[in-house]
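K.L.:
Predicted model and sequence follow; I will ask about them next.
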Amino acid sequence: MPTLFDPLTMLRTPYLFFTGKGGVGKTSTACAAAVVLADSGKRVLLVSTDPASNLQDVFGIELSNHPTPIEGVPNLFAANLDPETAAEEYKAKMVAPYRGVLPDSVVASMEEQLSGACTVEIAAFDEFTTLLTNDQLKSQFDHILFDTAPTGHTLRLLQLPSAWSGFLDDSTHGASCLGPLAGLEAKKSLYQDAVQSLSDGTQTTLILVSRPEKSPLLEAARASSELKGTGIENQLLVINGILSSYFNEDAVSKGFVDRQQKALTQMPAQLQSLESYHIPLAPFNVTGLENLRAFFVPVQATAEHLHPVEVDAAIPSLESLITDLESDGIRVIFTMGKGGVGKTTVASAIAVGLAERGHRVHLSTTDPAAHLEYVFGDNCNQITVSRVDPKLELEKYHQEVISQNADSLDDEGLAFLEEDLRSPCTEEIAVFRAFADLVERSEEEIVVIDTAPTGHTLLLLDATQEYHKEIARSSGIVPESVQHLLPRLRDQKETSVVIVTLAEATPVYEASRLEKDLKRAGIPTKWWAINQSFAAAGTTDPVLSGRAHAELEWIQKILYKSEGHAVIIPWKPDEVTGYEQLKGLSASISK
């Protein structure tokens, strides 16, 4: 078991960056660490660059992009830097010179190129660059904590010489981050200073936050490798939410502990070489100063600590969602959500539920660990399965775009293009192109796909098609299947997206953003699936019962947001790996 995390002894540098997969608790960890450091007499500034920041909810105070004192913690100040607002302002500035000069469809394409996650991330970097290079501000604080660090991809882009060249101003070739970088030349020196500060181990510590679960640990390992590749060597790992022992004969808590221990024993080698610390699982919502100060303290679990939760019996099970999809005649079903919420499992359960009703179903996943053929065994006569490998699809797309531009770009231009093609945005486009072929099967089978494209990806592909009609530039090949697919996905009589989430703050905030993104693209959403719910599991463990109580607020918000179209799936002690267990997920939550 790693050592308990103690910010006072483990966080020494002026700059502290907290990063990790959505929902792992990096905001809670950053906020609690800031309070502990400030309580010790240090002057601390806490800054969030997360578009879905909930710092205001944590502290119960309105925040802006200027440091605001936190009442009750004399040495602590907090600020919300809103990269989405900055991205909108940046987009408006970049597009303005072309309005009325280029055709409207070309301007629309430019706007969509500047609407994705890459632009937001560049805007976030732009925001905290000011803090990293502001000597007057630095002199006022002992520590500046950042909730959300830049990715290695962003930092590598900013280090490439070609990112500052005129090449950006007159090239459009299918890469995803051209637009966001096109106007940065004026800040070259400032960004170089910021990148240098990040790679200085006496100035910066990177805190990789993870849950003791397979997916977040893999993401932490990937982030660690990427950021080390940019020179950020001073890293430590904090594993949040460890339950050290289970309560009496409670099957839920025993399964929870067993799963955590298995994930920790299989931790990626990249993480095993780092200094590692742990934070006990908190049985409460991490909001308010009292809970923040208790966040790093192990909870003494006693029988009277908390009581089991009863979920509103009116909330339907997954079976109701499947019945509704069937009665509406939906032929293409996407499950959508951030990593770690269980969208592959939910997609598989939906496919099994439809097959049990006599439908022919095709299930596809991008999860390399899914092994669906093995999971289903001989019980899937009505189900055909396939797996789209994101790495293979990305490599195929990478080679395609590079070959198109090999004769028109110099070595520096090709270097930038190759780096840009490593973007998550590019991978999403590559995977989506592969999914376009799968959806053609919906004439014969109901198609269930466990990873949905974001609305931005759809609008980007749509705008790119219009762009092709207007000017003779290559924006990457858009296959006919994709061109046919976009209007098909916008048909609510044929397609539905099921949003999968956990009943926790960050997954709900991020799912809400994804829903908004899809609505912007005209993609129908109706159902939400609340997965892995402790509130629905009937646990008697005091700590997990605390988690269950904390879920109730988010369950109500999801019910309101979905206009009652939400189902709930209990947390299962045993990992869901077989056809019968998947079939069981659609059963009633009542015990």
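P.N.:
In hand now; what should we look at?
K.L.:
switch to C-alpha atoms for all contacts and neighbour counts from now on
P.N.:
Noted.
K.L.:
Packing partners of the top helix by length along the chain?
P.N.:
Secondary structure of the chain per DSSP state H: the longest helix is helix 542-561. For helix 542-561, the packing partners by 3 or more C-alpha pairs under 8 Å, 6 or more residues apart in numbering; DSSP states H and E come out as helix 505-520, strand 525-533.
K.L.:
Columns distance to residue 219, mean pLDDT and mean neighbour count on top of those, output as a markdown table?
P.N.:
Formatted as a markdown table, the helices and strands packed on helix 542-561 follow (distance: least, C-alpha to C-alpha, whole Å; pLDDT from 0 to 100; neighbours: other C-alpha atoms under 10 Å):
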| stretch | distance to residue 219 | mean pLDDT | mean neighbour count |
| --- | --- | --- | --- |
| helix 505-520 | 16 | 83 | 19 |
| strand 525-533 | 20 | 93 | 23 |
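K.L.:
Which of the three states applies to residue 209?
P.N.:
Local secondary structure at residue 209 is given as strand here, using DSSP: H, G, I helix; E, B strand; the rest coil.
K.L.:
before we move on, the earlier item: orientation of the longest helix of the chain relative to helix 505-520 in degrees?
P.N.:
Helix 542-561 and helix 505-520 meet at an angle of 20 degrees, taking axes from the mean of the first three to the mean of the last three C-alpha atoms, to 10 degrees as the criterion.
K.L.:
What angle do strand 525-533 and helix 542-561 make with each other?
P.N.:
170 degrees.
K.L.:
got the CA positions of helix 542-561 in CSV?
P.N.:
Extracted as CSV, the C-alpha positions of helix 542-561 are listed here (Å, rounded to 0.1, in the frame of the first residue of the first chain):
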residue,chain,number,x,y,z
PRO,A,542,-20.4,2.8,6.0
VAL,A,543,-17.9,4.4,3.6
LEU,A,544,-19.7,3.2,0.5
SER,A,545,-23.1,4.2,2.0
GLY,A,546,-21.6,7.6,2.3
ARG,A,547,-20.8,7.5,-1.4
ALA,A,548,-24.4,6.4,-2.0
HIS,A,549,-25.8,9.3,-0.1
ALA,A,550,-23.6,11.7,-2.1
GLU,A,551,-25.0,10.2,-5.4
LEU,A,552,-28.5,11.3,-4.6
GLU,A,553,-28.0,14.9,-5.5
TRP,A,554,-26.5,14.0,-8.9
ILE,A,555,-29.2,11.4,-9.6
GLN,A,556,-31.8,14.1,-9.1
LYS,A,557,-29.9,16.5,-11.4
ILE,A,558,-29.7,13.8,-14.1
LEU,A,559,-33.4,13.1,-13.8
TYR,A,560,-34.1,16.8,-14.3
LYS,A,561,-31.7,17.2,-17.2
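K.L.:
Can you give the distance from that helix to the centre of its chain?
P.N.:
Chain-centre distance of helix 542-561: 20 Å, with C-alpha atoms, centre = their mean, to the nearest Å.
K.L.:
repeat for stretch 231-246
P.N.:
Relative to its chain's centre, stretch 231-246 lies at 18 Å (C-alpha atoms, centre = their mean).
K.L.:
How about it, which residues are buried there?
P.N.:
Residues of stretch 231-246 classed as buried: 231-243, 246 (neighbour count, 16 or more other C-alpha atoms under 10 Å).
K.L.:
what does it rub up against?
P.N.:
5, 24-25, 198-201, 204-212, 224, 227, 253-254, 256-257, 260, 271, 274-282, 541 (C-alpha atoms under 8 Å, 6 or more residues apart in numbering).
K.L.:
distance between the ends of that stretch?
P.N.:
End-to-end span of stretch 231-246 (C-alpha to C-alpha, to the nearest Å): 41 Å.
K.L.:
From the contacts of stretch 231-246, which land in strands?
P.N.:
Mapping the contacts of stretch 231-246 onto strands (DSSP state E) picks out 204-210, 275-280.
K.L.:
quick one on the thing from earlier: counting neighbours, which bits of the longest helix of the chain end up buried?
P.N.:
So, applying 16+ other C-alpha under 10 Å, buried residues of helix 542-561: 542-552, 554-555, 558-559.
K.L.:
Now residue 540. Its backbone dihedrals?
P.N.:
Dihedral pair for residue 540: phi -110, psi 0, per degrees, to the nearest 10.
K.L.:
Now the element after the helix or strand containing residue 355, going C-ward?
P.N.:
Following DSSP states H and E, one finds residue 355 within helix 343-356. Scanning forward in sequence from helix 343-356 by DSSP H and E, the next helix or strand is strand 361-365.
K.L.:
So what touches that following strand?
P.N.:
Contacts of strand 361-365 (C-alpha under 8 Å, 6+ apart): 344, 347-348, 351, 354-355, 382-388, 441, 445-451.
K.L.:
From those, list just the buried residues.
P.N.:
For those, a burial check counting by 16+ other C-alpha under 10 Å picks out 344, 347-348, 351, 354-355, 382-385, 387-388, 445-451.
K.L.:
In three-state terms, how would residue 47 be classified?
P.N.:
strand.
K.L.:
cool, residue 432 as well?
P.N.:
Judged by three-state DSSP, the three-state class of residue 432 is helix.
K.L.:
what about residue 270, neighbour count?
P.N.:
Number of residues near residue 270 (other C-alpha atoms under 10 Å) recorded here: 14.
K.L.:
hang on, isn't residue 505 packed against residue 554?
P.N.:
Yes - with contact defined as C-alpha atoms under 8 Å, residue 505 reaches residue 554; the gap is 7.0 Å.
K.L.:
and stretch 11-21, how far out from the chain's middle?
P.N.:
Between the centre of stretch 11-21 and the centre of its chain there are 19 Å (C-alpha atoms, centre = their mean).
K.L.:
Stretch 62-82 now?
P.N.:
Between the centre of stretch 62-82 and the centre of its chain there are 25 Å (C-alpha atoms, centre = their mean).
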